[in-house]
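Trainee: Below are the sequence and a predicted model for it; my questions follow.
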Amino acid sequence: MRNWHFQSSHTLLYSHKWQLSQPLHLELKRHYTRALALELSLSNIQVNAIAPGVIDTPLNAIHNAQDRENLAKMSPMGKIGNPQNIVDAAVYLTQSEFVTGTTMIVDGGSSTGVW
């Protein structure tokens, strides 16, 4: 195995007053990804994480149409991501020979700010 990928979340970039432990947990994942990448790089093993935003999965299918529209507005691209967006990120990280220790944010730009 040459690649390890972790799932994280784009919410690691900001905090909410109602979420005390989530940003801490996610920052720990980001640090762990970097530390493990450093440790395993001598064995030519790449370690990366993917931090998805709102993705159209069964977890988000429970939302009504208005909630889904509001979730889409959280992204500057004005839409909810789809699972293929995450697959594309994983494929890129897997095929790359010079990327390690990074967290790839796949959130349609929602972590860049509030629109």
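Mentor: Perfect, I can see it now.
Trainee: Look up how far residue 93 lies from residue 32.
Mentor: 16 Å (Cβ to Cβ, to the nearest Å). No exception for glycine: its C-beta is placed from N, CA and C like everyone else's.
Trainee: what's near enough to touch residue 107?
Mentor: In this structure, residue 107 makes contact with 10, 51-54, 75, 81, judged by Cβ atoms under 8 Å, 6 or more residues apart in numbering.
Trainee: which one of residue 32 and residue 93 has more residues nearby?
Mentor: Under the criterion of other Cβ atoms under 10 Å, the comparison of residue 32 against residue 93 puts residue 93 first, with 20 against 14.
Trainee: which residue packs closest to that one, ignoring adjacent ones?
Mentor: The shortest distance from residue 93 to any non-neighbouring residue, by Cβ to Cβ, 6 or more residues apart in numbering, is to residue 48 (4.7 Å).
Trainee: For beta bridges, what are the partners of the one you found?
Mentor: Listed by DSSP bridges, the beta-bridge partners for residue 48 are residue 5.
Trainee: how many other residues sit next to it?
Mentor: Counted with other Cβ under 10 Å, residues neighbouring residue 48 total 25.
Trainee: Start the count at 11 instead of 1 going forward.
Mentor: Right, with 11 as the first residue, what we last looked at is residue 58.
Trainee: by contact count, what packs against the host helix or strand of residue 99?
Mentor: Here residue 99 is covered by helix 93-105, with elements defined by DSSP states H and E. When contacts are defined as 3 or more Cβ pairs under 8 Å, 6 or more residues apart in numbering; DSSP states H and E, helix 93-105 sits against strand 13-17, strand 56-62, strand 113-116.
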